[in-house]
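**Student:** A predicted structure for the sequence below; I have some questions about it.
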Amino acid sequence: MSENAPAPLSGKKTVLGVSGGIASYKSIDLARLLALDGAEVQTVLTESAASFVQPLPFEVLTGQTPIRRMFPLEGGKSTGDMPHISLTEDADLIIIAPATANIIGKFAQGVGDDFLSTLLLSAKPPALVAPAMNPRMWASPALQENVSSLRERGHVVMEPGVGRMARAEEGLGRGRMPEPGDILLAARKILLPDPDLSGMKLVVTAGPTREKWDAVRYLSNRSSGKMGFALAGEAAKRGADAVLVSGPAALADPPGVRVVRVESAAQMYEAVKNEWADAHALVMAAAVADYRPVDPSARKHKKGDATLAVELERTTDILAELSIEKGDRILVGFAAETDEVTERAKEKRERKGLDFIVANRVSGDEDAMGADASRAWIIDSNATEALPVLEKGILAGRILDRLAKMWQNIIT
Ligand code: CTP
């Protein structure tokens with residue numbers, strides 16, 4: 001998504017049905033993500049959901065008052081509106097999150113005894129169902145039959161996640177509501193069936209590498225991984241099969257992205273080479289070490305009085321290596337520079353055989369490393385595009401806009 005592009009779900013009308021369970025509070029975050037993505041969100045709370053969450057957060061985040069009862073009352077009198085029918089006529093997607101065993105049962109069996117279940121009686125498939133319940137309930141034959149019947153009718157029932165259950169003594173089990181980011185991704189897939197990166201396998205690298213010197217010490221750099229994580233997360237939202245190869249970074253896996261965690265430059269090279277075999281594009285946002293200690297020790301070095309020199313050897317230049325058999329695949333690099341930023345980046349782009357390179361400054365007031373926002377230049381064989389300071393998620397969108405254009409040329 002570029003700075004000025006409309007939010008991807010703008011103009012899309014969604015109904016967010018929230019049933020009552022301990023996961024209900026997570027649907028507040030889902031409402032926030034849907035609204036941020038530009039969707040209109042009408043929340044429907046069941047009576048039991050209203051025991052877990054208040055309507056107010058939904059109202060603030062979506063700008064619409066949640067519906068809680070069958071026939072709206074004004075001054076104690078029914079308004080005569082039938083929103084359970086008009087809502088399903090207008091909605092582009094109905095999402096039930098969390099979906100308890102009870103609402104799944106009512107949806108599958110056609111029971112309409114409250115607003116949400118009655119609305120579901122006239123829901124056009126696919127509705128998106130994000131279950132959350134005790135693992136024994138999820139595994140029960142009755143529940144599984146209801147899930148199969150909904151799927152046969154064309155609805156999308158997500159698999160619940162594995163996690164620690166609400167009561168600690170119950171340990172781990174499958175029954176946890178899928179994460180809001182994953183539900184958003186599933187919603188995008190339904191609402192935007194043909195996004196601009198669909199069909200592309202994209203490998204993104206992120207973070208620093210660590211080059212071992214002894215049992216407790218290593219050489220590394222200040223990279224946080226934020227840029228690469230943002231790129232992989234945005235690419236998954238735009239339909240790419242996104243794989244993120246990351247060095248040590250204190251960031252959570254982005255929704256919908258397969259993450260391969262590595263430590264050293266050598267491990268990153270191996271992981272990227274494996275993924276590159278059937279990939280269409282690679283974006284190397286990682287700050288890969290250029291040198292590693294020649295003879296790392298399994299023990300801890302002891303200090304002495306003399307000065308100490310550590311002998312270093314070169315690591316493989318991953319981009320340069322992969323560009324040898326590039327073919328018509330897309331290769332993108334980053335250039336982190338302190339001086340002569342664009343000149344040096346241009347030279348790197350040519351030397352490494354890249355389609356384009358993203359140049360950043362890594363010193364002074366606009367130091368990109370570790371920051372949430374950065375100024376960048378996108379340089380291809382024709383021109384240098386100077387971008388303003390952008391939050392890294394937005395910059396990721398701008399970089400992916402370029403990639404999407406190239407991808408559309410390849411596949412059409
Ligand atoms: N890169 C790589 N393999 C390496 C080192 C860097 O693939 N061993 C990639 C980086 O991920 C980045 C690009 O090459 O996309 C440029 O990295 P940078 O460190 O800026 O450039 P270097 O080629 O290492 O040159 P120098 O350190 O001399 O600036």
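**Tutor:** Now that the structure is in, tell me what you want to look at.
**Student:** ok, Ile67 touching Leu45?
**Tutor:** Yes - here Ile67 lies in contact with Leu45, judged by C-beta atoms under 8 Å, at a distance of 7.4 Å. Where you see a C-beta, it was placed from the backbone N, CA and C, and this is true even at glycine.
**Student:** of these two, which one has the most company?
**Tutor:** Leu45 (26 against 20; other C-beta atoms under 10 Å).
**Student:** can you tell me the element Glu270 falls in?
**Tutor:** Using DSSP states H and E, Glu270 maps to helix 265-276.
**Student:** sorry, wrong one. I was asking about Gly38.
**Tutor:** Using DSSP H and E, Gly38 is not contained in any helix or strand.
**Student:** thought it was touching Ala7?
**Tutor:** Yes - Gly38 lies in contact with Ala7 (C-beta under 8 Å); the separation is 2.7 Å.
**Student:** re the thing from before, relative to the whole chain's centre, how far out is the helix holding Glu270?
**Tutor:** What separates the centre of helix 265-276 from the centre of its chain is 22 Å, taken as C-alpha atoms, centre = their mean, to the nearest Å.
**Student:** can you check stretch 23-32 too?
**Tutor:** Chain-centre distance of stretch 23-32: 17 Å, with C-alpha atoms, centre = their mean.
**Student:** correct me, but Val245 touches Val204?
**Tutor:** Yes - the pair Val245 / Val204 is scored as a contact, 7.4 Å apart, by C-beta under 8 Å.
**Student:** neighbour count winner among the two?
**Tutor:** Applying other C-beta under 10 Å to Val245 and Val204 shows that Val204 carries more neighbours, namely 33 against 29.
**Student:** just the element for the more buried one, please.
**Tutor:** Here Val204 is assigned to strand 201-206, by DSSP H and E.
**Student:** now Ala359
**Tutor:** Per DSSP H and E, Ala359 falls inside strand 356-361.
**Student:** state the distance from whichever residue of the stretch 51-200 of the chain sits closest to the ligand to Ala235.
**Tutor:** The stretch 51-200 of the chain approaches the ligand most closely through Met200 (18.8 Å), counting by C-beta to the nearest ligand atom. Noted for Met200: a distance of 8 Å to Ala235, by C-beta to C-beta, to the nearest Å.
**Student:** the longest helix along the chain to strand 201-206, inter-axis angle?
**Tutor:** Identified as the longest helix of the chain according to DSSP state H is helix 392-411. Here helix 392-411 runs at an angle of 150 degrees relative to strand 201-206 (axes from the mean of the first three to the mean of the last three C-alpha atoms, to 10 degrees).
**Student:** distance from the chain centre to helix 392-411, please.
**Tutor:** When distances are taken as C-alpha atoms, centre = their mean, helix 392-411 is centred 16 Å away from the chain's centroid.
**Student:** packing partners of it?
**Tutor:** helix 226-237, strand 281-284, strand 330-337, strand 373-374, strand 376-379 (3 or more C-beta pairs under 8 Å, 6 or more residues apart in numbering; DSSP states H and E).
**Student:** redo these as CSV? Include mean neighbour count.
**Tutor:** Formatted as CSV, these follow (neighbours: other C-beta atoms under 10 Å):
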stretch, mean neighbour count
helix 226-237, 27
strand 281-284, 26
strand 330-337, 22
strand 373-374, 18
strand 376-379, 22
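**Student:** rebuild these as CSV, extending it with distance to the ligand and mean pLDDT.
**Tutor:** Shown next, in CSV, are the helices and strands packed on helix 392-411 (distance: least, C-beta to the nearest ligand atom, whole Å; pLDDT from 0 to 100):
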stretch, distance to the ligand, mean pLDDT
helix 226-237, 9, 97
strand 281-284, 3, 98
strand 330-337, 3, 97
strand 373-374, 14, 92
strand 376-379, 12, 97
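**Student:** nearest to Ser27, of these?
**Tutor:** Closest approach to Ser27 among the helices and strands packed on helix 392-411 is made by helix 226-237 (19.6 Å; C-beta to C-beta).
**Student:** got the CA coordinates for stretch 93-106 in PDB?
**Tutor:** The C-alpha coordinates for stretch 93-106 follow below in PDB (Å, rounded to 0.1, in the frame of the first residue of the first chain):
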ATOM      1  CA  LEU A  93     -18.300 -10.500   4.400                       C
ATOM      2  CA  ILE A  94     -19.500 -11.800   7.800                       C
ATOM      3  CA  ILE A  95     -16.800 -12.700  10.200                       C
ATOM      4  CA  ILE A  96     -17.500 -14.600  13.400                       C
ATOM      5  CA  ALA A  97     -14.700 -14.200  15.900                       C
ATOM      6  CA  PRO A  98     -14.500 -15.700  18.300                       C
ATOM      7  CA  ALA A  99     -17.000 -18.400  17.200                       C
ATOM      8  CA  THR A 100     -18.000 -20.600  20.100                       C
ATOM      9  CA  ALA A 101     -19.200 -24.200  19.800                       C
ATOM     10  CA  ASN A 102     -22.700 -22.900  20.400                       C
ATOM     11  CA  ILE A 103     -22.800 -20.300  17.600                       C
ATOM     12  CA  ILE A 104     -21.100 -22.800  15.200                       C
ATOM     13  CA  GLY A 105     -23.800 -25.300  16.100                       C
ATOM     14  CA  LYS A 106     -26.600 -22.800  15.600                       C
END
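**Student:** list the buried residues for stretch 377-391?
**Tutor:** Judged by neighbour count using 16 or more other C-beta atoms under 10 Å, the buried positions of stretch 377-391 are Trp377, Ile378, Ile379, Asp380, Leu387, Leu390.
**Student:** what's the burial count for the nearest residue to the fourth one once chain neighbours are set aside?
**Tutor:** By the measure of C-beta to C-beta, 6 or more residues apart in numbering, the closest residue to Asp380 outside its immediate chain neighbours is Phe356, 4.1 Å from it. Phe356: 23 surrounding residues under other C-beta under 10 Å.
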